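Fold the following for me, if possible:
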Amino acid sequence: VQLVESGGGLVQPGGSLRLSCAASGFTFSSYYMRWVRQAPGKGLEWVSDIKSGGGSTYYADSVKGRFTISRDNAKNTLYLQMNSLKPEDTALYYCARVTGNGMDYWGKGTLVTVSS
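Predicted coordinates:
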């Protein structure tokens with residue numbers, strides 16, 4: 001199993017970024033997927049989930065209305081569109097595979113820095 005995040009970078013407050021997570025080594029379309037993040041000096045924070053078929057999505061209150069999770073099962077790729085970014089969104093963002101026992105695999109993360 002391999003999960004590789006990309007798309008992070010430095011963006012000004014109010015800006016947008018689109019994160020991608022390329023999955024390999026498993027049947028991507030069969031799994032619930034998740035984005036989590038870790039801000040500097042803080043613990044892991046759940047951001048968003050998406051069911052295997054992509055029909056159902058879930059968001060933390062802190063990102064609801066600003067972030068959109070999606071997936072392309074044909075491309076084995078998970079996405080996170082982030083709009084109206086705030087300094088408090090600064091974090092290392094990870095994608096993770098989710099099973100009945102929680103997250104079992106995650107990538108190395110991509111850094112998002114929101115600053116003027």
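
For beta bridges, what are the partners of the most centrally placed residue in the chain?
The residue lying closest to the centre of the chain (Cα atoms, centre = their mean) is Trp35, at 3.1 Å. Note on Trp35: beta-bridge partners Ser48, Cys95, judged by DSSP bridges.

In contact with it, which residues are there?
Listed by Cβ atoms under 8 Å, 6 or more residues apart in numbering, the contact partners of Trp35 are Leu19, Cys21, Val47, Ser48, Asp49, Ile69, Leu78, Leu80, Tyr93, Tyr94, Cys95, Ala96. (C-beta placed from N, C-alpha, C; glycine too.)

let's see 7 Å
Trp35 sits next to Val47, Ser48, Ile69, Leu80, Tyr93, Cys95 when contact means Cβ atoms under 7 Å, 6 or more residues apart in numbering.

And the last one, how far from Gly107?
Read that as Cys95. Separation of Cys95 from Gly107 (Cβ to Cβ, to the nearest Å): 6 Å.
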